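[1] Here is a sequence with its predicted model. Questions after.
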Amino acid sequence: MAYVMLYGVGWTQRWQVAHEAVDSVQAEIGRVGRNETGRLAILDPGTSRPTNLVVAWQHVAAAVVLQSDTNEVEGSTGSYR
């Protein structure tokens, strides 16, 4: 299991990454701070089905992909402060 963490001014988001998309998400986060948009393959927190998250990279200050071996608490994905 892997998560992408996105950090901006006053906000933080965590999204579970689709297993087959970890490499592409890691490549996408290299666009942080650029005036570009991108798509991240994530899992919908409600259905666990693959979907795309559209990101405006100019609003993201930092991003990281983290691997996790533990089961997460339900509802721990998405926007939080």
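    Everything's here; your move. Numbering: from 1, shown residues only.

[2] Using CSV, list the CA coordinates for the helix or strand where residue 54 lies.
    Assigned by DSSP states H and E, residue 54 belongs to strand 50-56. The C-alpha atoms that make up strand 50-56 are tabulated as CSV, following Å, rounded to 0.1, in the frame of the first residue of the first chain:
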residue,chain,number,x,y,z
PRO,A,50,-9.1,3.4,-9.3
THR,A,51,-9.8,7.0,-10.3
ASN,A,52,-7.8,10.1,-11.2
LEU,A,53,-7.0,13.1,-9.0
VAL,A,54,-6.4,16.2,-11.0
VAL,A,55,-3.7,18.4,-9.4
ALA,A,56,-2.8,22.0,-10.1
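
[3] List the buried residues in that strand.
    Using 16 or more other Cβ atoms under 10 Å as the burial criterion, the residues of strand 50-56 that qualify are 53, 55. Where C-beta positions appear, they are placed from N, C-alpha and C, glycine not excepted.

[4] cool, stretch 9-24 as well?
    By neighbour count, and taking 16+ other Cβ under 10 Å as the criterion, the buried residues in stretch 9-24 are 13-18, 21-22.

[5] Would you map the strands across this structure?
    Secondary structure of the chain (DSSP state E): strands located at 2-8, 11-17, 37-43, 50-56, 62-67, 78-80.

[6] can you put these in CSV and add mean pLDDT and distance to residue 26?
    Written out in CSV, the entries for these read as follows (pLDDT from 0 to 100; distance: least, Cβ to Cβ, whole Å):
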stretch, mean pLDDT, distance to residue 26
strand 2-8, 96, 9
strand 11-17, 95, 9
strand 37-43, 96, 10
strand 50-56, 96, 14
strand 62-67, 95, 5
strand 78-80, 55, 20
